[in-house]
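> sequence unavailable; structure follows:
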């Protein structure tokens, strides 16, 4: 286990979610799966309790903790993409697997975890500052999934 690991709370589907992430994103994998040594408030002895996994090289663990806590947009994964094809691939994987679309490149998976699917051209344009950043930002504000061609047009002016 890494010294610092992101712990994600799931009602009961940590293993299913981790397998989805591992199949969807590069440099992602399932690690150790730990079963509850005894009954607990949201499960029984032997149920999957903790799943260790990585998403794009980031160490995570999923905890099947029951319905006490919910995911929120206060935490999200940002996935940097190279082009429209890659943007579409990840966005569509999340949304078509029971997720929901949001605005400005954000979507939620079916477990309530928020994702920012962000083409590098957008983050690079905003980092430039000035009029380029304003045009790219303003274009993004009207989008759900990011349209790379529209961001490129905004960058060009």
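Ah, there it is. Every value quoted in this text rests on a predicted model; they were computed, and no experiment measured them.
> just for this protein, where's the confidence low?
Scanning the chain for pLDDT under 70 picks out the ranges 1.
> kindly report the domain assignment for it.
6-64, 76-156 (automatic domain parsing).
> could you pull out the helices for this protein?
14-24, 84-96, 120-128, 130-141, 148-156 (DSSP state H).
> next, the angle from the third one to helix 130-141.
Orientation note: helix 120-128 sits at an angle of 140 degrees relative to helix 130-141 (axes from the mean of the first three to the mean of the last three CA atoms, to 10 degrees).
> do the second one as well
Angle between the axes of helix 84-96 and helix 130-141 is 40 degrees (criterion: the same axes, to 10 degrees).
> tell me what helix 84-96 is packed against?
helix 14-24, strand 76-81, strand 106-108, strand 114-119, helix 148-156 (3 or more CB pairs under 8 Å, 6 or more residues apart in numbering; DSSP states H and E). Quick note: C-beta positions are derived from backbone N, CA and C, even for glycine.
> could you dump the ones you listed into TSV and include distance to residue 129 and mean neighbour count?
TSV is the format used below for the helices and strands packed on helix 84-96 (distance: least, CB to CB, whole Å; neighbours: other CB atoms under 10 Å):
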stretch	distance to residue 129	mean neighbour count
helix 14-24	33	19
strand 76-81	19	17
strand 106-108	23	21
strand 114-119	18	21
helix 148-156	13	16
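> can I get these in TSV with distance to residue 6?
As requested, the helices and strands packed on helix 84-96 are exported to TSV (distance: least, CB to CB, whole Å):
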stretch	distance to residue 6
helix 14-24	12
strand 76-81	9
strand 106-108	17
strand 114-119	13
helix 148-156	28
